[in-house]
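Asks: fold the following.
(one chain, ligands or ions: 1)
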Amino acid sequence: MPRRGPGRKDKAQKGPLGHDGEGKPVFLKSKLKASTETSVPTKIPQKQGPGRKGSATAKKARAAREAAAEKAEQEAEAQELGSDDDGEQTNLFSDDDEDAGAAMSAEALQQQKAKGFSDNNQSWLKLMNAHKMSSDEEGGQGSDAEDEEMMDDEFAEAVEGEPSDGDDKESSGSDSDSDEMDIEKKSRKIDAQRKQDEEEDQAADMETGDVESERFILPDEVAEGEEDPAATDLVEVQGRIGQVIAVLNNFKYLAQEGKSRVDYTNRLIKDLCTYYGYNTFMMDKLLEMFTQHDIVEFLEACEVPRPLTIRVNALKARRRDVAQSLIARGVNLDPIGKWSKVGLVIFDSPVPIGATPEYLSGQYTIQAASSFLPVMACAPQEGERVLDMCAAPGGKSTYASALMKNSGILFSNDMNKSRTKSLSANIARMGVRNAIVCNYDGKMFPKVIGNFDRVMLDAPCSGTGVISKDPSVKVNKGDRDIQKLSHLQKELLLHAIDSVDAKSKTGGIIAYSTCSIMVEENEEVVNYALKKRNVKLVDSGIEFGTDGFTSFRGKKYHPSVKMTKRFYPHTHNMDGFFVAKFKKISNKIPAGVSDDADEAEEEEPEIVEEVEEEPVKNSKKAKKSTASADSETNRVEEVVVETESTTDAPVATEPVAESTGESRKRKKDSKKGKKTSEKSGEKASVAETTEENVNESETVSAVVESSEEPAHKKQKKDSKKRSKKSSKKSK
Ligand SMILES: C[S@@+](CC[C@H](N)C(=O)[O-])C[C@H]1O[C@@H](n2cnc3c(N)ncnc32)[C@H](O)[C@@H]1O
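Replies: Predicted structure coming up:
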């Protein structure tokens, strides 16, 4: 029985997404090519798009790398042809594997053409249909979520429990997993054997004194600005990267006399920059974070796109139905993993995933797996008041709305006015009716509106986690950029915290995230907030990911920073990402702290564990601001009803800029913040109720404009003008 189903490489991804459960990424090194070919076909629109961005250097490096890889492959092939005997074992690991993969994907494609779905899809569908029928017979009892959960488990069992080679393959439908396990086992054995041989050889060399001949001689240094002859042949550079890492791992025996670790490290940085097309700053930063072994895996992972994933919109559809529709269109897919009930991974598709009727009608959206995580951490509930401070283009906002079941109220804000257009469009397509799109600098909150149950801050960042999507990051970021971003992130986070009501019965939650892996943009920002506000870090509820750093390059962070989560392309097969979940303990700002985001990180923050009682004065303040918030909610709901009658687009409204006590206190800071943001070229767009805006509100959506002048003042002015006019008239 020929092999079928989604790419075997993809099926082997037992970790959260594409990680074999033992920390080995599935797409690296020898497996890299086969994996991308079988799991992310060129037909998928994401890859077809305008082409990957990148500097000329990065493009050149990529082209040269590809040529080098091809050359190395040809050399390896030639070697194998010439040595049949000792090539046998290696073939088990590489050639067979790739051939099988190619045969299987051709087979899968053929089958898809004939039947519309793969065997694994078939088993899932069978389970789904059986379930649907039985639940229909039982009168449709049991929730969708329960059904999905049961089916996911059964699906996993069906796939995992398939018989091995010797068993009845006809009935099993797919033998790819057991084959995969066999090959993996064999390859692990070979790796172990090779490692043991190397160690024995090394020990023997040391005994006989042969080690001298093994010492790796560094190429001569060249003066800065001069062309480095050692960096012209990329095959040579690639080989040297491995050699230098080996020397650094066994420096005493393998290093050239008179050369220091620094000499070898400098060479490694140079070679990694040449081979992968990074600037020295970025490579230095990455080497601060990763071991020499991990860095190569990380860099390799950044060369391949992550698997295409979609999120089913629970407001409009059930995952099983969307899966069924897409499978009927020939799409080869799987549930994203046990951690999500709404995600699907697309392995292969003959149709553009971003243009199917299901997509256009808002039944699903294309969303990176990592982008699910901050919303899951924030966990907005039905009926709550939620702020998405940096929301465009709306992947997280629309997910939040689905979790809120279109109830309560969601403020989807973004400072970039042009980006709010795609935000509004997505909100409309996804059938979100509880959201208000607004266009403020995040630092205007809570001055414009506060007292939220939860705030999501998916902060603007350097994008060092998404290099595979935007390779220009390799060369266009410097120290100043990272520092500026860190500063902005700290400011935004304090404003996010101040916008949340610690007394909220259900919430008082702030979820902070970035698609950067830089410590300055993550742990350092979180640690800063712990010092400046009465908040504590809580479990994000995400079961996988790597713990945040509690110390980094001599800096110490609060021990609870361990609760934050990091995600890496090479370990989790997701974009690099960071998520932290805070709970606000008290609305009181700790005495004597200044909000200077440039302040050096010295002492550890002190965290007050108990919820403090608000002083009487503050309680009054809270009451007052709640009242204003309530009146605002009512206003908004009125508009929702109005808008609903014409379209299910988001709501158009003017912000009610009640100046709460807390926001007055923050006014000074906001002014300071505004200055900083202007300095950094990120100006808030100034409000003007133009005709264009009015028209927008009538058709698709309206954007609540940010204003130099708070809206309530503007309203007062307008009414004064009106009364002046009318008094003139009456005169
Ligand atoms: C990482 S993106 C947000 C992605 C979004 N959460 C999603 O899931 O689709 C960061 C956003 O922050 C916005 N932004 C940058 N500075 C801001 C500020 N000071 N206040 C509010 N939004 C800001 C940018 O325009 C950008 O859309």
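Asks: and the helix or strand harbouring Leu530, what other elements does it pack with?
Replies: Per DSSP states H and E, Leu530 falls inside helix 523-532. Judged by 3 or more C-beta pairs under 8 Å, 6 or more residues apart in numbering; DSSP states H and E, helix 523-532 is in contact with helix 479-498, strand 509-514, strand 535-538, strand 577-584. All C-beta spots, glycine's among them, are computed from the backbone N, C-alpha and C.
Asks: and Asn522, which of the ones you listed is closest to it?
Replies: Between Asn522 and these, the shortest separation by C-beta to C-beta is 4.1 Å, and it involves strand 577-584.
Asks: strand partners (parallel or antiparallel) of that closest one?
Replies: Paired neighbours of strand 577-584 in the sheet (DSSP bridges): strand 509-514 (antiparallel), strand 535-538 (antiparallel), strand 565-567 (antiparallel).
Asks: quick one: it to helix 479-498, angle?
Replies: 30 degrees (axes from the mean of the first three to the mean of the last three C-alpha atoms, to 10 degrees).
Asks: does the ligand sit close to strand 577-584?
Replies: No. No part of strand 577-584 sits close enough to the ligand to count as contact by C-beta under 6 Å from any ligand atom; the gap is at least 10.5 Å.
Asks: what does stretch 220-232 contact?
Replies: With contact meaning C-beta atoms under 8 Å, 6 or more residues apart in numbering, stretch 220-232 is reached by 219, 236-237, 240, 270-271, 274.
Asks: list the buried residues for it?
Replies: Buried residues in stretch 220-232, counted by 16 or more other C-beta atoms under 10 Å: 230-231.
Asks: how long is that stretch end to end?
Replies: End-to-end span of stretch 220-232 (C-alpha to C-alpha, to the nearest Å): 14 Å.
Asks: near the ligand, which residues of the stretch 451-600 of the chain are found?
Replies: Counting by C-beta under 6 Å from any ligand atom, the stretch 451-600 of the chain sits next to the ligand at 458, 460, 492.
Asks: make a markdown table from those residues and add pLDDT and neighbour count to it.
Replies: What follows is these, written out as a markdown table (pLDDT from 0 to 100; neighbours: other C-beta atoms under 10 Å):
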| residue | pLDDT | neighbour count |
| --- | --- | --- |
| Asp458 | 98 | 24 |
| Pro460 | 98 | 20 |
| Leu492 | 98 | 25 |
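Asks: which of the contacts of stretch 220-232 tops the neighbour count?
Replies: In terms of neighbours by other C-beta atoms under 10 Å, those top out with Asp271 at 26 neighbours.
Asks: name the residues that touch the helix or strand it falls within?
Replies: Per DSSP H and E: Asp271 is located in helix 261-276. Helix 261-276 is contacted from outside by 61, 65, 218-219, 228, 231, 234, 237-238, 240-241, 244-245, 247-248, 251, 255, 278-280, 283-284, 287, 292, 295-296, 299, 302-303, 474, using C-beta under 8 Å, 6+ apart.
Asks: any buried residues in that helix, and which?
Replies: Those would be 264, 267-276, for helix 261-276 by 16+ other C-beta under 10 Å.
Asks: on that earlier part again, orientation of the helix holding Leu530 relative to strand 577-584 in degrees?
Replies: Using the same axes, to 10 degrees, helix 523-532 lies at 10 degrees relative to strand 577-584.
Asks: contacting residues around helix 523-532?
Replies: Residues lying outside helix 523-532 but in contact with it, judged by C-beta under 8 Å, 6+ apart, are 459, 486, 489-490, 493-494, 497, 512, 535-537, 548-550, 552, 555, 557-558, 560-561, 564, 580, 582, 589-590, 593, 595, 597, 599, 601, 603, 605-607.
Asks: with stretch 554-566 instead?
Replies: Counting by C-beta under 8 Å, 6+ apart, 373, 517, 522-524, 526-527, 530, 536-540, 542, 545-551, 576-581, 601, 604-605, 607 sit against stretch 554-566.
Asks: start to end distance for it?
Replies: Start-to-end, stretch 554-566 (C-alpha to C-alpha) is 20 Å.
Asks: list the buried ones in it?
Replies: If you call a residue buried by 16+ other C-beta under 10 Å, then stretch 554-566 has these buried ones: 555, 557-558, 560-561, 563-566.
Asks: and the least confident of these?
Replies: Ranked by pLDDT, those bottom out at Lys555, which has 95.
Asks: so what does that one have for phi and psi?
Replies: phi -90, psi 140 (degrees, to the nearest 10).
Asks: please name the bridge partners of it.
Replies: If you apply DSSP bridges, the partners that Lys555 bridges to are Phe552.
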